[in-house]
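**Student:** Give me a model of this one.
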Amino acid sequence: MKTLYAVYREAVKALSDAQCDSPEFDAQQLVSYCFGYNKTGLLMHSGDAIDEVKLIHFEDCVKRRCAHEPLQYIIGMWGFYKYSFKVGKGVLIPRPETEILVEYAVEKINKKGLKVVFDLCCGSGCVGLSIAKRCHQVMVYCIDISDDALEYTRQNKELLDVDNVKVIKADMLDNSSFIGLPRPDLIVSNPPYIRSNEIDTLQSEVLFEPRLALDGGDDGLVFYRSLCDMWYPLINRGGFLAMECGEDQANDILSLFLGKADKGNIIKDASNLDRVVVVAR
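**Tutor:** Below you'll find the predicted structure:
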């Protein structure tokens, strides 16, 4: 019977041969997922014989990762901001740079006393639910067109045990279905922003993610035009619109708001890349 460490090393080699970017990290995460041992536990139990049923599951997970299926989809959970979220096929994977939207929102809500937040293109709900968890005084509306995404939002709402959230299916490119909802004080959005002709050139892992959550049209700006023309005018005076974007899109997005917004600024991410565009109402 194989030992835990032998199985781990075999996985690292297989992932390395498959040209996965972080074979040791991926193997450690799969050991934790399948056997329940973190990095320290792996060292402490390296000589342990392992259960055959768990081994079959582990080897299947390694094969999926070798085929470049995202690690997050295989594990089914991923950390974002201060919490963990359920993720899987049909929903965009939460990424660290998107945490900027949460940090910005929490700061503005607490400083300005904002009450109503829209999370447009909410996906897994990681942004809106994190805001709701941190700011109990606001009502957050998580909005998406994808049934798959909204199912994850609902599951994550239950997982985080937040009751100041409403989950709504609607098309961000058509705001006519929002009659009856309160006007937002803050809109946050991580919309699709990849140019259509660039999607097939992305990492193989990214191609597992739903095209609906990636495709921003020919120039990548389709959803930002909607945010500018349809959504920005709905924001209460004194409110804000915060949008994640691609690293080369911030100035083009700001230009959409010329003549509409008096104030706008760009927030950089940890890699010093333009990541979030904010305009004040």
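
**Student:** can you give me the strands in the stretch 151-281 of the chain?
**Tutor:** Listed in chain order, the strands of the stretch 151-281 of the chain (DSSP state E, counting those that start in this stretch) span 165-169, 186-189, 240-244, 264-268, 274-280.

**Student:** Can you spell out which helices and strands pack onto the helix or strand bottoming out on mean pLDDT in the chain?
**Tutor:** Least confident helix or strand, the chain: helix 39-44 with a mean of 85, by mean pLDDT, DSSP states H and E. Under the contact criterion of 3 or more CB pairs under 8 Å, 6 or more residues apart in numbering; DSSP states H and E, helix 39-44 touches helix 4-17, helix 23-35. Just so you know, the C-beta spots here come from the backbone N, C-alpha and C atoms, and that holds for glycine as well.

**Student:** what angle do the shortest one and helix 4-17 make?
**Tutor:** Right, helix 23-35. Computed by axes from the mean of the first three to the mean of the last three CA atoms, to 10 degrees, the angle separating helix 23-35 from helix 4-17 equals 130 degrees.

**Student:** start the count at 33, not 1, going forward
**Tutor:** New numbering, starting at 33: the last item is helix 55-67.

**Student:** mind listing what the spatially most central residue of the chain touches?
**Tutor:** Per CA atoms, centre = their mean, the C-alpha nearest to the average position across the chain is that of residue 126, at 2.6 Å. Going by CB atoms under 8 Å, 6 or more residues apart in numbering, residue 126 touches 104, 110-112, 117, 119, 155-156, 158.

**Student:** Tell me the one of those nearest residue 222?
**Tutor:** residue 155 (7.1 Å; CB to CB).

**Student:** Tell me the buried residues in stretch 113-124?
**Tutor:** Using 16 or more other CB atoms under 10 Å as the test for burial, stretch 113-124 gives 113, 115, 117-120, 122-124.

**Student:** Correction: the previous question concerned stretch 74-81.
**Tutor:** For stretch 74-81, the neighbour count (16+ other CB under 10 Å) marks 74, 77, 80 as buried.

**Student:** on that earlier part again, got the helices and strands packed on helix 71-76 as CSV, with distance to residue 288, mean neighbour count and mean pLDDT columns?
**Tutor:** CSV is the format used below for those (distance: least, CB to CB, whole Å; neighbours: other CB atoms under 10 Å; pLDDT from 0 to 100):
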stretch, distance to residue 288, mean neighbour count, mean pLDDT
helix 36-49, 42, 17, 94
helix 55-67, 39, 20, 96
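
**Student:** now the residue nearest to the centre of the chain, what's its secondary structure?
**Tutor:** coil (DSSP: H, G, I helix; E, B strand; the rest coil).

**Student:** how would you label the residue lying closest to residue 176 once chain neighbours are set aside: helix, strand or coil?
**Tutor:** Leaving aside its sequence neighbours, residue 176 sits nearest to residue 154 (CB to CB, 6 or more residues apart in numbering; 4.8 Å). Recorded secondary structure, residue 154: coil (three-state DSSP).

**Student:** Next, the contact list for residue 154, please.
**Tutor:** So residue 154 contacts 160, 174-176, 181-182, 185, 199 (CB under 8 Å, 6+ apart).

**Student:** So which of those sit within helices?
**Tutor:** Among the contacts of residue 154, DSSP state H puts 160, 181-182, 185 in helices.

**Student:** For the contacts of residue 154, which single residue is the most surrounded?
**Tutor:** residue 160 (32 neighbours; other CB atoms under 10 Å).

**Student:** Helices along the stretch 183-313 of the chain, start to end?
**Tutor:** For the stretch 183-313 of the chain, the helices defined by DSSP state H, counting those that start in this stretch cover 254-258, 282-288.

**Student:** which other helices and strands contact the longest one?
**Tutor:** Other elements packing on helix 282-288 under the criterion 3+ CB pairs under 8 Å, 6+ apart are helix 254-258, strand 296-300, strand 306-312.

**Student:** Would you reformat the buried residues of stretch 113-124 as CSV and include secondary structure?
**Tutor:** Shown next, in CSV, are those (three-state DSSP):
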residue, secondary structure
113, coil
115, strand
117, strand
118, strand
119, coil
120, coil
122, coil
123, coil
124, coil
